[in-house]
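**Q** below is the sequence, then the predicted model.
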Amino acid sequence: MARFSPSYAVSRMKPSATLETAQLARDLKSQGRDVISLATGEPDFNTPLHIVEAAHRAALDGKTRYSPVGGVAELREAVTRKLERDNSLTIDPGNVIVSNGAKQVISNAFIATLNPGDEVIIPAPYWVSYPELVGMLGGTAVIAQTRAPDFILTPQELERRITPRTRWLVLNAPGNPTGAIYSEVELKALGDVLARHPHVWLMTDDIYEYLAYGSARFMTLTQAVPMLGDRTLVINGVSKAYAMTGWRIGYAAGPAGLVKAMGKVQSQLSSGANMVAQYAAAAALDGPRTEIDAFVCTYEDRRNKAGAVLQSVHGIQLKLPDGAFYLFPSCKQLLGKKTLEGKVIDSDAAFASELLQREGVAVVPGSAFGAPGHFRTTFAVATDLLLEASQRIKRFAESLQ
Ligand code: PMP
Ligand code: GLU
């Protein structure tokens, strides 16, 4: 039989830990196990009706052909209105590109810019896909450390990581998995460093923008430091805010040359994004915020309730996040303890795996995000399930000896 051997790039690549854990939970469920998955960051709400109706209308109107590679004009214009309204950014629709999710926007940008050996600074804890995409292209992910409980990249740490080979700094706020949001002062301090290094480009992944709680306020980097605009790619999408993960629409706005190069990549890789979904996304961006605000209220309530349960567990440290929809507690104090069956919990991966086996709760180990000794749970799941899962985590953690 022919033996398959993957490419060098793929053999070095890790599968997405978030999606892999979600699949593991699904598989166990289909075998009849009682499993609650807190693995994937995906709203449990349905897409608001007016958005679904816009897609329906588009399909009936025959918007069922190939889309222009960079996206239909109606959506690109809706994106520019959104950036003006929410972020005070004035962008030409020609400088916007629409892709199959923010994930593809990010991939396009890296493919369009990275040569082997180029460096990309990624603050840890980071979303699992950034370093893997960089590595796949022969680039080097340079991990900048941030510290619990705030997980904010300091200007000193940024300065330390910049070299002549640095191509990008990736800034994701509200952050996955930490929920960290940068204040205007913190953004300006990073801007001072970046002003001294004009060869470093900025990729700001703002996909969790609307998910900010309490008094936390989101601001994108170029809003705080406008002079970085000519080397910043602002990335966003409809997946998280509008409960539209399955529609696969993300977008970016940035300098013309970069956006054009990303379009060239996309023209060969996948063509324009799903046409019907683009009309749905335009309706989302231009539509009312009422339902979105209700989603955010629900997330905040869940954050508070699930957070309180985990904070009450001896050996778990947790600061409630300012944004996104994840809790990212430390389980360091539990490492070295044993389960009732005598299994040693020697890592966050062992913690997550035993938690799944013993209590049927799927969480993602912190190592996948470059933060060993932590684990990530999402609170974008129905409140009763979330609270049941939180109680199970508590029972499991307190059973360790
Ligand atoms: N960026 C971050 C930080 C994310 O958590 C996700 C989640 N999937 C994405 C980008 C990609 O989102 P999507 O492809 O669904 O637009
Ligand atoms: N971004 C989400 C998460 O971190 C969805 C899965 C993924 O694309 O990684 O869970």
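**A** Looks like it arrived, so ask away. Ligands and ions are numbered 1, 2, ... in the order given.

**Q** now do whatever residue of the stretch 301-401 of the chain ends up closest to ligand 1 against residue 380, distance only.
**A** Residue of the stretch 301-401 of the chain nearest ligand 1, by Cβ to the nearest ligand atom: residue 324 (7.6 Å). C-beta here means a position set from N, CA and C on the backbone, and glycine is covered the same way. Going from residue 324 to residue 380 by Cβ to Cβ, to the nearest Å gives 9 Å.

**Q** so for those two, which residue has more residues nearby?
**A** The neighbour count for residue 324 versus residue 380, taken as other Cβ atoms under 10 Å, is higher for residue 324 (31 against 23).

**Q** going along the chain, name the helices of the stretch 51-200 of the chain.
**A** Under the criterion DSSP state H, counting those that start in this stretch, the stretch 51-200 of the chain contains helices at 73-87, 102-113, 129-136, 155-161, 184-195.

**Q** residue contacts, the residue of the stretch 1-150 of the chain found nearest ligand 1?
**A** In the stretch 1-150 of the chain, the residue that lies nearest ligand 1 is residue 101 (2.7 Å; Cβ to the nearest ligand atom). By Cβ atoms under 8 Å, 6 or more residues apart in numbering, the residues touching residue 101 are 237, 239, 248-250.

**Q** also near ligand 1: which of the residues you listed, exactly?
**A** When contact is defined as Cβ under 6 Å from any ligand atom, the contacts of residue 101 meet ligand 1 at 237, 239, 250.

**Q** tell me which of those residues is nearest to residue 317?
**A** residue 239 (29.6 Å; Cβ to Cβ).

**Q** all strands of the stretch 151-300 of the chain, in order?
**A** 166-172, 201-205, 232-237, 250-253 (DSSP state E, counting those that start in this stretch).

**Q** and the last one, anywhere near ligand 2?
**A** So that's strand 250-253. No: figure legend: strand 250-253 not in contact with ligand 2 (Cβ under 6 Å from any ligand atom); closest approach 10.9 Å.

**Q** might you report the residue contacts of residue 187?
**A** Counting by Cβ under 8 Å, 6+ apart, residue 187 touches 219, 221, 224-225.

**Q** how much space separates it from ligand 1?
**A** 17 Å (Cβ to the nearest ligand atom, to the nearest Å).

**Q** what are the buried residues along stretch 225-245?
**A** Buried residues in stretch 225-245, counted by 16 or more other Cβ atoms under 10 Å: 225, 228-229, 231-245.

**Q** swap in stretch 268-283?
**A** For stretch 268-283, the neighbour count (16+ other Cβ under 10 Å) marks 272-283 as buried.

**Q** dump that stretch to PDB, keeping only the CA atoms.
**A** C-alpha atoms of stretch 268-283 as PDB (Å, rounded to 0.1, in the frame of the first residue of the first chain):
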ATOM      1  CA  GLN A 268      -5.600  31.600  -6.300                       C
ATOM      2  CA  LEU A 269      -6.500  30.000  -3.000                       C
ATOM      3  CA  SER A 270     -10.300  30.200  -2.700                       C
ATOM      4  CA  SER A 271     -11.900  33.100  -4.800                       C
ATOM      5  CA  GLY A 272     -14.400  35.500  -3.200                       C
ATOM      6  CA  ALA A 273     -16.100  34.500   0.000                       C
ATOM      7  CA  ASN A 274     -19.600  33.000   0.000                       C
ATOM      8  CA  MET A 275     -21.900  35.500  -1.800                       C
ATOM      9  CA  VAL A 276     -25.100  35.000   0.200                       C
ATOM     10  CA  ALA A 277     -23.200  35.100   3.500                       C
ATOM     11  CA  GLN A 278     -21.700  38.500   2.400                       C
ATOM     12  CA  TYR A 279     -25.100  40.000   2.100                       C
ATOM     13  CA  ALA A 280     -26.000  38.600   5.500                       C
ATOM     14  CA  ALA A 281     -22.800  40.200   6.900                       C
ATOM     15  CA  ALA A 282     -23.600  43.500   5.400                       C
ATOM     16  CA  ALA A 283     -27.100  43.400   7.100                       C
END
